[in-house]
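A.B. asks: Fold the following and give me the result.
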Amino acid sequence: MEAGRELLRKVFPDHWSFLLGELALYSFVVLLLTGVYLTFFFDPSMAEVVYHGAYRPLGGVQVSEAYASTLRISFEVRGGLLIRQIHHWAALLFVSAIGAHLLRVFFTGAFRRPRELNWVIGVTLFNLALLEGFSGYSLPDDTLSGTGLRIAEGVLLSVPLVGSYLTLFAFGGEFPGHEIIPRLFTVHVLLVPGLLLALVGAHLTLVVVLKHTHWAAPGRTNRNVVGMPFFPQFLTRTVGLLFAVGGVLALSAFLAEVNPVWRYGSYRPDVVATGAQPDWYIGFIEGALRLMPAAETRVLGHTVSWNVLLPALVVPGLLFAALYAYPFVERWLDPGTGEHHLCDRPRNRPTRTALGTAGITVYAVLLVAGGNDVIAYAFEVSVNALTVALRTALVVLPPVVFVLTRRLCLALQARDRTRLLDGDETGRIDQSPDGGFSGHHRPVPAAERYVLLARAAAEPVTAPPGAPRHRRVRAAASSWFHHDRVELPSSERESAHIEAPGGPLRRLLRRLSPRRRRGTGR
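C.D. replies: Residues are numbered from 1 along each chain as shown. From the prediction side, this is the model:
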């Protein structure tokens with residue numbers, strides 16, 4: 001009863017940016033419900049049959065059981081096509097919502113102490129969502145998904161020394177084999193969903209234990225959370241959001257066609273579809289493969305295909321390794337012992353914001369490169385010239401975006417300082433007897449002043465003369481990361497009221513200990 005009462009009183013901040021995680025959760029719920037329905041009719045077999053179903057253009061064509069069952073779901077099962085398309089749209093929303101949620105957490109600093117573990121869980125969920133999307137995308141065994149599996153085979157073969165063994169293990173023999181679809185089906189409906197459910201539960205548990213972050217406003221500090229209680233206000237809103245997500249996905253499936261496998265035909269190893277584009281969340285790997293120049297090396301009798309190994313395995317591996325390590329790197333650069341429950345305004349962390357925008361730029365260029373053939377055809381330009389332009393953009397644009405974003409953040413900080421010192425313009429202008437003009441200003445409202453001043457200004461780590469090299473490297477990196485900022489005119493009393501963090505262990509013990517009751521002597 002005590003635990004239930006604590007849960008019902010759990011406070012959730014009221015801001016639209018905190019709904020991104022709920023969108024991911026509810027799209028996952030829709031995925032589970034529609035996926036269970038589809039498993040009743042899908043046959044994950046690569047055995048070949050002659051199609052005699054309702055879709056007449058493919059009548060008499062030899063197809064796989066997986067492809068034939070997909071057509072049967074689409075044209076013969078009542079509501080099958082609608083459920084299939086809801087499932088596909090929910091998958092796109094699921095990955096999109098996780099990605100947007102991670103960006104919100106990154107740019108607002110919500111990954112900082114004590115939430116580093118939750119950030120690691122979130123990045124793992126994103127990885128699993130990519131795997132879940134790719135495995136489900138490949139199940140229909142159509143020409144489009146088969147082309148993706150052919151690319152996956154090439155990626156596995158590029159692994160030095162063990163690539164051929166990995167390929168034989170995955171496909172059960174020479175490509176395409178007869179085992180890949182059944183194995184992907186097991187991964188898609190059993191292994192990855194189980195891991196997702198476990199990690200979602202762990203993620204939500206940590207949110208409850210560590211308490212929610214919130215945006216700065218009067219009365220909101222690093223010591224509390226201001227918002228609505230779980231019951232009945234938040235529960236009512238979140239259930240409404242669940243039905244809204246389901247309704248929008250159903251409407252999208254009804255109005256917008258997605259993944260029409262009957263147009264692509266069953267996959268044949270000797271056929272590659274022109275204009276084959278994967279779903280957006282895998283598109284950046286496709287773009288990296290297309291931009292990488294052809295390069296290979298012979299080492300000890302083995303061929304290392306750099307044009308596949310680097311863009312498909314090394315680059316994504318480094319990207320996700322950086323995402324996993326980032327909270328700990330930032331903590332290494334700012335080893336403060338306090339907790340952070342107030343969200344940062346991105347402008348107040350110019351280096352972090354610039355790194356994030358530069359990363360988004362890299363992703364955007366690679367995503368565009370994944371469709372370079374379609375773009376070249378649509379705009380009647382040379383695909384080779386477009387590829388060279390995208391290679392140049394991949395090298396030039398991220399540093400330029402980094403510098404511009406950092407300068408823009410500092411300019412916005414300077415604007416905040418000017419507002420705090422001079423106030424806001426009222427629009428009234430007086431003319432002096434000698435012909436001069438002067439404007440009138442009014443002080444910034446107290447609530448907005450609180451928001452402008454609510455920032456944790458970290459001090460760069462310093463290294464004394466003669467310090468070891470690792471301490472000097474840490475001091476130099478910390479100075480580069482934290483040095484550039486515009487000081488805001490705040491008093492010590494204002495800063496102390498906003499900060500004042502508490503310890504995570506003490507708060508957790510206080511939550512788990514019995515509550516004192518008046519008049520009981522306990």
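A.B. asks: Show me where the stretch 401-522 of the chain has its strands.
C.D. replies: For the stretch 401-522 of the chain, applying DSSP state E, counting those that start in this stretch gives strands covering 424-431, 437-442.
A.B. asks: a markdown table for those strands, including mean pLDDT and mean neighbour count?
C.D. replies: The C-beta positions use only the backbone N, C-alpha and C, and glycine is treated the same way. As requested, those are exported to a markdown table (pLDDT from 0 to 100; neighbours: other C-beta atoms under 10 Å):
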| stretch | mean pLDDT | mean neighbour count |
| --- | --- | --- |
| strand 424-431 | 86 | 10 |
| strand 437-442 | 85 | 11 |
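A.B. asks: I'd like to know which of those is closest to Thr405.
C.D. replies: Closest approach to Thr405 among the strands of the stretch 401-522 of the chain is made by strand 424-431 (25.7 Å; C-beta to C-beta).
A.B. asks: how far is that closest one from where the chain is centred?
C.D. replies: 45 Å (C-alpha atoms, centre = their mean, to the nearest Å).
A.B. asks: That strand relative to strand 437-442, how many degrees between them?
C.D. replies: 150 degrees (axes from the mean of the first three to the mean of the last three C-alpha atoms, to 10 degrees).
A.B. asks: got JSON lines for the strands of the stretch 401-522 of the chain, with distance to Leu139 too?
C.D. replies: Below are those laid out as JSON lines (distance: least, C-beta to C-beta, whole Å):
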{"stretch": "strand 424-431", "distance to Leu139": "58"}
{"stretch": "strand 437-442", "distance to Leu139": "63"}
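A.B. asks: wait, which of the ones you listed is closest to Leu318?
C.D. replies: Closest among the strands of the stretch 401-522 of the chain, once you apply C-beta to C-beta, is strand 424-431, at 45.7 Å.
A.B. asks: Check which helices and strands that closest one sits against.
C.D. replies: strand 437-442 (3 or more C-beta pairs under 8 Å, 6 or more residues apart in numbering; DSSP states H and E).
A.B. asks: Sheet partners, orientation included, of the strand it packs on?
C.D. replies: strand 424-431 (antiparallel) (DSSP bridges).
A.B. asks: Residues contacting the strand it pairs with, please?
C.D. replies: Strand 424-431 has contacts (C-beta atoms under 8 Å, 6 or more residues apart in numbering) with 437-442, 444.
A.B. asks: can you pull out the helices in the stretch 151-300 of the chain?
C.D. replies: 163-171, 180-186, 192-210, 235-255, 261-264, 280-291 (DSSP state H, counting those that start in this stretch).
A.B. asks: Now render these as CSV, adding mean pLDDT and mean neighbour count.
C.D. replies: Output for the helices of the stretch 151-300 of the chain, formatted as CSV (pLDDT from 0 to 100; neighbours: other C-beta under 10 Å):
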stretch, mean pLDDT, mean neighbour count
helix 163-171, 90, 16
helix 180-186, 94, 20
helix 192-210, 93, 15
helix 235-255, 95, 14
helix 261-264, 91, 17
helix 280-291, 91, 21
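A.B. asks: and of the strands of the stretch 401-522 of the chain, who's closest to Asp484?
C.D. replies: strand 424-431 (25.9 Å).
A.B. asks: hmm, back to that, any chance of the helices of the stretch 151-300 of the chain in TSV with distance to Ala321 as columns?
C.D. replies: Shown next, in TSV, are these (distance: least, C-beta to C-beta, whole Å):
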stretch	distance to Ala321
helix 163-171	20
helix 180-186	26
helix 192-210	19
helix 235-255	32
helix 261-264	35
helix 280-291	16
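A.B. asks: Nearest to Ala456, out of these?
C.D. replies: helix 192-210 (17.2 Å).
A.B. asks: Return the alpha-carbon coordinates of the closest one using PDB.
C.D. replies: Extracted as PDB, the C-alpha positions of helix 192-210 are listed here (Å, rounded to 0.1, in the frame of the first residue of the first chain):
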ATOM      1  CA  VAL A 192      14.400  -8.500 -29.500                       C
ATOM      2  CA  PRO A 193      10.900  -7.800 -28.100                       C
ATOM      3  CA  GLY A 194      11.800  -9.600 -24.900                       C
ATOM      4  CA  LEU A 195      14.900  -7.500 -24.600                       C
ATOM      5  CA  LEU A 196      13.000  -4.400 -25.400                       C
ATOM      6  CA  LEU A 197      10.300  -5.200 -22.700                       C
ATOM      7  CA  ALA A 198      13.000  -5.800 -20.100                       C
ATOM      8  CA  LEU A 199      14.900  -2.600 -20.900                       C
ATOM      9  CA  VAL A 200      11.700  -0.500 -21.100                       C
ATOM     10  CA  GLY A 201      10.800  -1.800 -17.600                       C
ATOM     11  CA  ALA A 202      14.300  -1.000 -16.300                       C
ATOM     12  CA  HIS A 203      14.100   2.500 -17.900                       C
ATOM     13  CA  LEU A 204      10.800   3.400 -16.400                       C
ATOM     14  CA  THR A 205      11.900   2.100 -13.000                       C
ATOM     15  CA  LEU A 206      14.900   4.300 -13.000                       C
ATOM     16  CA  VAL A 207      12.700   7.300 -14.000                       C
ATOM     17  CA  VAL A 208      10.600   6.700 -10.900                       C
ATOM     18  CA  VAL A 209      13.500   6.100  -8.500                       C
ATOM     19  CA  LEU A 210      15.700   9.000  -9.800                       C
END
